[in-house]
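Trainee: Got a sequence here, can you model it:
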Amino acid sequence: MKFKNRMVSVLGGVAIIAGSVVMSAPAHATEGAPPSPAPDTSSAQNDSVPARPPYGTTYRVTDVSSTPQWIDYTQAIGSCSSAGGTCTIAKGHTATTTIEVSTGITRGEIAAGLGISASESVTVDVSCSSPVLKPGETWTAYPRGTRYDYAIMMTSNVPGHEGAGISAYGKAFIANANDMVCQIR
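Mentor: Numbering: from 1, shown residues only. As a prediction, this is how the structure comes out:
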């Protein structure tokens, strides 16, 4: 070991020496020997440092609540009218599964997050007959099923834009097979 002086200064009778220490090995220890390998920093050797995922933004469904036996008044699946008489809404009407889609996440990803099928429709194979209808009244059928309310959580690990938060709220409806409600409208 050698000490190389860089600067010597006397300040008030005290010598201040600034320098560096240089380590050297005997010549026979390094001649012809291969350099030491770099330390292995793979995950097998260094499990305490998690791998950073690729930069990007991810979306997931969160804060899900469901309401069973919900009547979806946004989609009439059949109707009839008969001033002064009765009418019947026949079997075989189709109710559509509705899922509100937000930017960054697909209908299928939302359906998976809700634990439901993203299939487009359900056949309602029941019929209902009206009471005596007054002039101007309509007997209308609506699907009954489960309504879901949810939030879309956005997470970003893009440098300068890191963070997470709710990016949108949505709702979905999946009709029960063979279940509808008929009402006068």
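
Trainee: for this structure, what helix or strand is lowest in average pLDDT?
Mentor: In the chain, no helix or strand scores lower on mean pLDDT, DSSP states H and E than strand 14-22, which sits at a mean of 38.

Trainee: Output the below-cut-off pLDDT ranges for the chain.
Mentor: 1-53 (pLDDT under 70).

Trainee: One more pass at 90, please.
Mentor: Applying pLDDT under 90 to the predicted model, the residue ranges of the chain that meet it are 1-60, 62, 83, 90-94, 96-97, 101-105, 116-127, 153-168, 176-178, 185.

Trainee: what are the ranges of the strands in it?
Mentor: Residue ranges of the strands in the chain, as given by DSSP state E, are 2-11, 14-22, 57-71, 78-80, 88-89, 93-96, 98-99, 121-124, 128-129, 139-156, 163-184.

Trainee: May I have the strands that pair with the fifth one, each with its orientation?
Mentor: Take DSSP bridges as the rule and strand 88-89 pairs in its sheet with strand 128-129 (antiparallel).

Trainee: Could you list the residues in contact with the partner strand?
Mentor: By C-beta atoms under 8 Å, 6 or more residues apart in numbering, the surrounding residues in contact with strand 128-129 are 86-89, 139, 141, 180, 182. Bear in mind the C-beta positions are built from the backbone N, C-alpha and C, glycine included.

Trainee: any idea which of these is closest to residue 97?
Mentor: Taking C-beta to C-beta as the measure, residue 97 sits nearest to residue 180 out of these, at 14.6 Å.
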